[in-house]
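Q: the sequence isn't on hand, but the structure is:
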C-alpha cells in the first residue's frame, strides 16, 4: 500500500495530542487538539519512554484548532486558533468537534481540577458538584475530574464563545469525553457520547446524554455499555449514525486484553444490543462511513510495532475484516501515540490524523493519506 505521511501541526515547544478532524459545510477541514508546554525530563515522573516529559494532565494546557483550505494538502499552523486556555487551576483535555445542521460548530471536552489540597478534594466529594472520583497524587498533586464543557462557534471556527459546563440535572457521574463530538439526529436531537463511573462502579461504563434544545440542557445520561460483573471498563467511545439509521459505537476497554468492544442501536439510542468483543486490538478508535458502504475503524496500536491501524466492515459493523487490517504506521518509538481520526478527501482518498512523535521525542499531530482501493480493488 502507498501512504503519504505529513505533518498537520508540529511545535517544538508543545506536546500536541488527541486530534479530531471534520469537514465543514464550506469544505474547510479543521483539526482540533490539546496542547501543553514541554517539560524537562526531571520535572515529573511518567515520561512515557521519551527524551522529554509529556504530561497528559497539566495546568497550562489549551485547546487549539488548525485549518486546511485545500483538502488537507497544507495546514495553516501560522494562524492556529486557541479555542480555550487553562487558567492554571485546571487541565483542558480531549477536545472533540462537530458541525450541526445550523452551521454552528460545537467543541466539547472535559476538565480536571488540579493542585487541590486534600481538604479541598474531600470538600468537593461531599458537595453536590457534578463530579466524582479523584485521581490521587499525580504530577500536579491531587487531580479531580470536573465535568464536560462546551464551546460554540458561529463563524466556521475562527472565534469561539466562552466554554460553559454541560448542564445535566443531578449529574453525579464522573464525565470523560468520548471519541467524537455531538451526533445530531434527523429530528434535531443532539446525542453526546462519553464514559465515566456511576455511583458504586469500580469500572467505567459508556453513557449517552440527549439535548432537545441545542445543548442548553441535557437529559440524565443513559447507559450504553457496562459490565455488571465490573470486570471490564468501557472508555472513550466514538458514535456514528449510519444511513440505515443504526447507531454504532466501538469502545476502548480496560481489563479486556486490549480488544475493542462494540454495540449498536436501531431506535436512536434508546436501547442497545450486540455488545461483544471486536477482532481489533488497539485503542481508542474513530468511525467513518464511506461511499462504498464500508465502515472504517481507525485505532492506535500501542504495542510493538507501535503505530496506527485500521479495519473495515461491510455489514454495518456486524463483522470486521481483520484479515485485511491496514497498517498505516508501524514506526512508533513507544506507546505514547495514536488517538486517530479519519476523514474522506474530495479525491476519494482517506486522511487519517493522529498524534505521533519524532526522534527527539516531540509529540505532534501527523497525518497519512491512503486509499481504500489499495485494500479492495475496484
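A: Sure, I can see it. No experiment lies behind these values; they were computed from the predicted model shown.
Q: give the contact list for residue 358.
A: By C-beta atoms under 8 Å, 6 or more residues apart in numbering, residue 358 lies in contact with 10, 364. All C-beta atoms are positioned from the backbone trio N, CA, C, and that covers glycine.
Q: try it again with 7 Å
A: residue 364 (C-beta atoms under 7 Å, 6 or more residues apart in numbering).
Q: return the distance of stretch 57-65 from the chain's centre.
A: Relative to the centre of its chain, stretch 57-65 is centred 15 Å away, using C-alpha atoms, centre = their mean, to the nearest Å.
Q: quick one: the helices in the stretch 101-250 of the chain, in order.
A: 118-125 (DSSP state H, counting those that start in this stretch).
Q: tell me, how many neighbours does residue 332 end up with?
A: 21 (other C-beta atoms under 10 Å).
Q: would you say it is within a strand?
A: No: counting by DSSP: H, G, I helix; E, B strand; the rest coil, residue 332 is not found in a strand; it is coil.
Q: so what pLDDT did it get?
A: You'll see residue 332 listed with a pLDDT of 93.
Q: what about the strands in the stretch 151-300 of the chain?
A: Remark: strands assigned in the stretch 151-300 of the chain by DSSP state E, counting those that start in this stretch are 164-165, 176-177, 183-184, 190-196, 205-211, 222-225, 233-235, 240-241, 247-254, 259-265, 273-281, 285-289, 295-301.
Q: packing partners for the fourth one?
A: Counting contacts by 3 or more C-beta pairs under 7 Å, 6 or more residues apart in numbering; DSSP states H and E, strand 190-196 packs against strand 176-177, strand 205-211.
Q: and that strand, how far out from the chain's middle?
A: 11 Å.
Q: ok, it: who's next to it in the sheet?
A: strand 176-177 (antiparallel), strand 183-184 (antiparallel), strand 205-211 (antiparallel) (DSSP bridges).
Q: who wins for proximity to residue 336 among those strands?
A: Closest to residue 336 of the strands paired with strand 190-196, according to C-beta to C-beta: strand 176-177, at 18.5 Å.
Q: re the thing from before, could the strands paired with strand 190-196 go into a markdown table alongside mean neighbour count and mean pLDDT?
A: As requested, those are exported to a markdown table (neighbours: other C-beta atoms under 10 Å; pLDDT from 0 to 100):
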| stretch | mean neighbour count | mean pLDDT |
| --- | --- | --- |
| strand 176-177 | 22 | 90 |
| strand 183-184 | 20 | 98 |
| strand 205-211 | 23 | 94 |
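Q: quick one: closest of those strands to residue 372.
A: Nearest of the strands paired with strand 190-196 (C-beta to C-beta): strand 183-184, 23.1 Å.
Q: contacting residues around stretch 342-356?
A: With C-beta under 7 Å, 6+ apart, stretch 342-356 has contacts from 8, 16-19, 21-23, 29, 31, 71-72, 286, 288, 290, 296, 298, 300, 308, 310, 328, 332, 337-341, 363-372.
Q: in TSV, list the helices and strands packed on strand 190-196 along with distance to residue 249.
A: Formatted as TSV, the helices and strands packed on strand 190-196 follow (distance: least, C-beta to C-beta, whole Å):
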stretch	distance to residue 249
strand 176-177	14
strand 205-211	7
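Q: and of the ones you listed, who's closest to residue 158?
A: Per C-beta to C-beta, nearest to residue 158 of the helices and strands packed on strand 190-196: strand 176-177, 23.0 Å.
Q: I figured residue 219 hits residue 213, correct?
A: No: the criterion here is C-beta atoms under 7 Å, and residue 219 misses it with residue 213 at 10.7 Å.
Q: the two - which one has more neighbours?
A: Taking neighbours as other C-beta under 10 Å, residue 219 and residue 213 compare with residue 219 leading, 14 against 10.
Q: quick one, what contacts that one?
A: Going by C-beta under 7 Å, 6+ apart, the list of residues near residue 219 reads 209-210.
Q: at 8 Å instead, please
A: Counted by C-beta under 8 Å, 6+ apart, residue 219 has contacts 168, 209-212.
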